[in-house]
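*Asks:* the following comprises the amino acid sequence and a computationally predicted model.
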Number of protein chains: 2
Amino acid sequence: MTALAPGLLRRLGEVFGGERLLTDPADCLPYGYDNSKRVALPQAVVFAQTHEEVQALVAACNEFRSVLVTRGRGTNTTGATVPIHGGIVLSLERMNRILRLSPGDRLIECEAGALNGDVQAEAAKHGLFWAPDPTSAGYSTVGGNLACCAGGPRAVKYGTARDNVLGLRAVTGAGVSLKTGCTTTKGVVGYDLTRLLVGSEGTLAVITEATLKLLPQPQARRMLRACYADVSAAASAVSRIMGQPETPCALELMDGEAVRLAEEYQRTGVPAGTGALLLVEVDGSPESLEAAVAAVSAAAAGPGLVELKAAATAAEAEALWACRKVLSPSLRKIAPKKVNEDVAVPVTRIPELIGGLRELSRRHAIRIVNFGHAGNGNIHVNLLADPEDPAQMRAITACLHDVFRLVLSLEGTLSGEHGVGIEKRDYVGWEIAADTLETMRALKRTLDPLGLLNPGKCLPDASAGR
Amino acid sequence: MTALAPGLLRRLGEVFGGERLLTDPADCLPYGYDNSKRVALPQAVVFAQTHEEVQALVAACNEFRSVLVTRGRGTNTTGATVPIHGGIVLSLERMNRILRLSPGDRLIECEAGALNGDVQAEAAKHGLFWAPDPTSAGYSTVGGNLACCAGGPRAVKYGTARDNVLGLRAVTGAGVSLKTGCTTTKGVVGYDLTRLLVGSEGTLAVITEATLKLLPQPQARRMLRACYADVSAAASAVSRIMGQPETPCALELMDGEAVRLAEEYQRTGVPAGTGALLLVEVDGSPESLEAAVAAVSAAAAGPGLVELKAAATAAEAEALWACRKVLSPSLRKIAPKKVNEDVAVPVTRIPELIGGLRELSRRHAIRIVNFGHAGNGNIHVNLLADPEDPAQMRAITACLHDVFRLVLSLEGTLSGEHGVGIEKRDYVGWEIAADTLETMRALKRTLDPLGLLNPGKCLPDASAGR
């Protein structure tokens, strides 16, 4: 890694002072990681505190042709914030202010570095919440959630990041200051730049501030666990549940392998003969919950149902969730190497997906464990392997390719919520047609003509074949 | 208007045959209108039946540098489909097939020329609906609804077109065939081209097919009418209603002028002393409705409430809606010239908006009648004038400008759902900052380099000042 041009370093010093500029590799290294476990060393790290500082930074990057990688808290799993081409890492962790909360307008304005958890805490004071609830919600930033279009379990009822944002402030790669969207839930003046930036993983613009749409917190919740003889029976139930009006606020699936692993790790009371299970949560007014539970229960009932339990108390709900909660530690215990995909298929194709995955598991002799947000068809497919075994590591790649082909043959998408980053970049061309991809690249060139923002992420290079 | 180049005409004949190509001005004229009452004569009208025909058409337009204006059924009110620069009008009325409905996946695929009403009818067979419900729903097309990002009363609960679309097929102005989005409600691979095209009024690409997100129909509905002493009291109630969890599926406001006009036209039982009223509808399971009515009623109660009535039967509901239903004919009767704006402001700013409008009405001696989708802050501001009176016609323009300034000072937007078209094009720069607007123009140049698609709409020319 070459050092920064002296002129650029001087400029950074002018904008950020000594205290908010890191250049010592030992200081910079922690900002070269994210939750993908990948790492690369940036040449400098800066901590912006205002939109105007970000503008000055992007101008300097353009002048000196420096790469710029923006990060929140680096919780993404795809390498999207790893500075693989060096350059400057812009950390927004100090742009974490909540600027305004207007309960009557159901909106909150914050800086991009504000934590999702802080937004939730502030909104909760007024009986409101922001829908995106990735696992990392407590310590991931709003800007990161928007850049990756974060989802989470309750997206099945309340939508993902793109459905819950009203407007943005941002600086494009060309250095243009943008104010997108509006402060109302309806607005049709000009092009929808807001959603063009959401999910673009920092490759088009640096999001500096956001106006988020808040929703009123449901007053009450009820939790159900439905155990099935096999995963096809569970998957069919998912279709039935999504086909009726009482949309659950969580509809999570665990396949047979997942249930078995979890139960091996710690018994949580799943009945014998369970080959898959659904965890379902409904919310609403206390008066409406009984009806919702009845409707979901009726939809959950069907061939292969082994047991259906509805929690009457919070403690009972926790007991029903326990099987899911112990799954992650159980996975970590048995498999140090785990490839965790987050494909999505139309809900009615889940049985074919799970059946196909079982077949691929046999063919490649790779253990596959599936669970996830079944209401969106968003299944976390976990390929488990021993990193010490070269044959298995080769098999896992071949298996992964077959998984992707299977998903696409079922009209699915390669990523429901984690995004592309580096991890899936080579496969984007499998899903998106060449012409459409070329149009996306043209938009990238328009907003970031020198290709400075987060290069090597999100879209494959034009030379990459299908 | 010059005639089409002979080469282009020949090409159109090859693609569309004689039967699906109009060139006689008398035949073309009906395709030069829309609901803005503006008209312009195209040089030719073609009726595509497939995506591939649209591709061939756009290729021909590029080769011969011909303008192309796409239309559904011309129900928009902004002139967005009027071919003011001549060229070819592409009517999608014969691309009206429903391609697939998958109830378990809550999605429908259709061609862009399919009527919203036909989609609703097909979805209803499976207990589903598509959220956008513009007044024109019965006879407007899905493609038009998407191009304008249509809303309607129930958007307050279910969102607008952009919130209820999963993916598109389209052809850009450059002639590139696009397949955007996916078939699942979660998907984060590549940039969000879907929402870039939604609301772009046919200036970036021709939408040919759409995959729409369907929702389960609520099983029951309840209707309430809340009458207030004045509009400030009603507007405050809107804020309170939107601040609690039972989001209504319609929350319509009529100000004092609107109530007075409607009652003059036909008495519908509005109590004396009503200076504004709210029409509120809640939906859900029959079991939950009582609680929802109670919650909304509690929020509706407050200073200035004159009367609150909840309908017990469908006939009673109709009686409560009657005051709103007679408003349109009453407006037509008293004012042949009516400028109908559809501004939106944050809900808490509605009292300031209505107060400011009252002041502008006095200052300009222009009668202003306000009603609309108050839950989104989307108020239809109607300026009434006598077209025979030149002084009043001048006053109306000055008044309109003040209305726009007022809306923007309240952090609002100039159009909540009707869009820009020609009507509001000169004012877009009042709302959107110059830099952001220039970025939108750059996107336009990227997707439509020759500027062939629907020129003179949506974005103001670069030369137009603020």
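*Replies:* Noted; the coordinates are in hand.
*Asks:* only C-alpha atoms from now on, for both contacts and neighbour counts.
*Replies:* OK.
*Asks:* phi first, then psi, for the residue in the stretch 101-250 of chain A that chain B sits nearest to.
*Replies:* Taking C-alpha to the nearest C-alpha as the measure, the stretch 101-250 of chain A has residue A:187 as its residue closest to chain B, at 4.3 Å. Its backbone dihedrals place residue A:187 at phi 180, psi 120, with angles given as degrees, to the nearest 10.
*Asks:* count of neighbours near the closest residue to it other than its chain neighbours?
*Replies:* Excluding the flanking residues, the one nearest residue A:187 by C-alpha to C-alpha, 6 or more residues apart in numbering or on different chains is residue B:416, at 4.3 Å. As a burial measure, the neighbour count of residue B:416 was computed by other C-alpha atoms under 10 Å in any protein chain shown and equals 30.
*Asks:* need the longest helix for chain A.
*Replies:* As assigned by DSSP state H, the longest helix anywhere in chain A is helix A:390-409.
*Asks:* what about that helix, near chain B?
*Replies:* No: Helix A:390-409 lies apart from chain B when judged by C-alpha under 8 Å from any C-alpha of the partner chain; the minimum separation is 10.4 Å.
*Asks:* what's that helix packed up against?
*Replies:* helix A:350-364, strand A:378-385 (3 or more C-alpha pairs under 8 Å, 6 or more residues apart in numbering or on different chains; DSSP states H and E).
*Asks:* what packs against the longest one?
*Replies:* By that I understand helix A:350-364. helix A:231-242, strand A:367-373, helix A:390-409.
*Asks:* contacts for the next helix or strand along the chain from the longest one, please.
*Replies:* Next helix or strand after helix A:390-409 toward the C-terminus (DSSP states H and E): helix A:428-431. Applying C-alpha atoms under 8 Å, 6 or more residues apart in numbering or on different chains, the contact partners of helix A:428-431 are A:408, A:413, A:414, A:420, A:437, A:459, A:460, A:465, A:466, B:189, B:190.
*Asks:* so whichever residue of the stretch 251-400 of chain A sits closest to chain B, which state does it fall into?
*Replies:* With distances taken as C-alpha to the nearest C-alpha, the stretch 251-400 of chain A approaches chain B most closely at residue A:288, which sits 4.2 Å away. Here residue A:288 takes the helix state, with states given by DSSP: H, G, I helix; E, B strand; the rest coil.
*Asks:* which residue, neighbours along the chain excluded, lies closest to it?
*Replies:* Spatially, and ignoring its direct neighbours in sequence, residue A:288 is nearest to residue B:288 (4.2 Å; C-alpha to C-alpha, 6+ apart).
*Asks:* measure that neighbour to residue A:245 for me?
*Replies:* When distance is defined by C-alpha to C-alpha, to the nearest Å, residue B:288 is 12 Å away from residue A:245.
*Asks:* now the buried members of the contacts of helix A:428-431.
*Replies:* A:408, A:413, A:414, A:420, A:437, A:459, A:460, B:189, B:190 (16 or more other C-alpha atoms under 10 Å in any protein chain shown).
*Asks:* please, which helix or strand holds residue A:225?
*Replies:* Under the criterion DSSP H and E, the helix or strand holding residue A:225 is strand A:220-228.
*Asks:* now look at that strand and say if it contacts chain B.
*Replies:* No: Strand A:220-228 is not in contact with chain B by C-alpha under 8 Å from any C-alpha; minimum separation 10.9 Å.
*Asks:* tell me the gap between that strand and the middle of its chain.
*Replies:* Shown here is strand A:220-228, whose average C-alpha point lies 24 Å from the average C-alpha point of the whole chain (C-alpha atoms, centre = their mean, to the nearest Å).
*Asks:* do stretch A:404-411 as well
*Replies:* For stretch A:404-411, the distance between its averaged C-alpha position and the chain's averaged C-alpha position is 20 Å (C-alpha atoms, centre = their mean).
*Asks:* state the distance from the closest residue to residue A:102 other than its chain neighbours to residue A:201.
*Replies:* The shortest distance from residue A:102 to any residue that is not its chain neighbour, by C-alpha to C-alpha, 6+ apart, is 6.2 Å, and that residue is residue A:108. Counting by C-alpha to C-alpha, the gap from residue A:108 to residue A:201 is 22 Å.
*Asks:* just want to know which of the two has more residues nearby.
*Replies:* Taking neighbours as other C-alpha under 10 Å, residue A:108 and residue A:201 compare with residue A:201 leading, 33 against 24.
*Asks:* contacting residues around the nearest residue to the more buried one once chain neighbours are set aside?
*Replies:* Distance criterion C-alpha to C-alpha, 6+ apart; nearest residue to residue A:201, sequence neighbours excluded, is residue A:147 at 4.5 Å. Going by C-alpha under 8 Å, 6+ apart, residue A:147 touches A:197, A:198, A:199, A:200, A:201, A:202, A:207.
*Asks:* wait, a helix at the fifth one?
*Replies:* No: under three-state DSSP, residue A:201 falls outside any helix and is assigned coil.
*Asks:* hmm, residue A:80 and it touching each other?
*Replies:* Yes: taking C-alpha atoms under 8 Å as the contact criterion, residue A:201 and residue A:80 are neighbours in contact, 6.7 Å apart.
*Asks:* what touches both of the two?
*Replies:* When C-alpha under 8 Å, 6+ apart defines a contact, the residues bordering residue A:201 and residue A:80 alike are A:421, A:454, A:457, A:458.
*Asks:* restricted to buried residues, select the residues you listed in ChimeraX.
*Replies:* Typed into ChimeraX, the line below selects the buried ones among the shared contacts of residue A:201 and residue A:80, using 16+ other C-alpha under 10 Å:
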select /A:421,454,457,458
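*Asks:* check the shared contacts of residue A:201 and residue A:80 one by one and keep those near chain B.
*Replies:* Judged by C-alpha under 8 Å from any C-alpha, the overlap between those and the neighbourhood of chain B comprises residue A:458.
*Asks:* any chance of the shared contacts of residue A:201 and residue A:80 in CSV, plus secondary structure, distance to residue A:250 and pLDDT?
*Replies:* Converted to CSV, these look like this (DSSP: H, G, I helix; E, B strand; the rest coil; distance: C-alpha to C-alpha, whole Å; pLDDT from 0 to 100):
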residue, secondary structure, distance to residue A:250, pLDDT
A:421, coil, 26, 96
A:454, coil, 33, 98
A:457, coil, 31, 97
A:458, coil, 28, 97
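*Asks:* just give me the closest of the shared contacts of residue A:201 and residue A:80 to chain B.
*Replies:* For the shared contacts of residue A:201 and residue A:80, the closest approach to chain B (C-alpha to the nearest C-alpha) belongs to residue A:458, at 6.5 Å.
*Asks:* helix or strand next in line after the one helix or strand residue A:297 maps to, which one?
*Replies:* Remark: residue A:297 resides in helix A:286-300, with elements defined by DSSP H and E. Per DSSP H and E, the first helix or strand lying C-terminal to helix A:286-300 is strand A:305-310.
*Asks:* buried residues in that next one?
*Replies:* Of the residues in strand A:305-310, those buried by neighbour count under the rule 16+ other C-alpha under 10 Å are A:305, A:306, A:307, A:310.
*Asks:* what about the closest residue to residue A:267 other than its chain neighbours, how many neighbours?
*Replies:* Using C-alpha to C-alpha, 6+ apart and skipping residues adjacent in sequence, the residue nearest residue A:267 is residue A:323, 7.8 Å away. Neighbour count for residue A:323, taken as other C-alpha under 10 Å: 25.
*Asks:* which residues of the stretch 1-150 of chain A lie near chain B?
*Replies:* A:103, A:104, A:105, A:106, A:148, A:149.
*Asks:* which ones are touching the first one?
*Replies:* With contact set as C-alpha under 8 Å, 6+ apart, residue A:103 has these partners: A:126, A:128, B:243.
*Asks:* among those, who's most crowded?
*Replies:* For the contacts of residue A:103, neighbours were counted using other C-alpha under 10 Å, and residue A:128 has the most, 24 neighbours in all.
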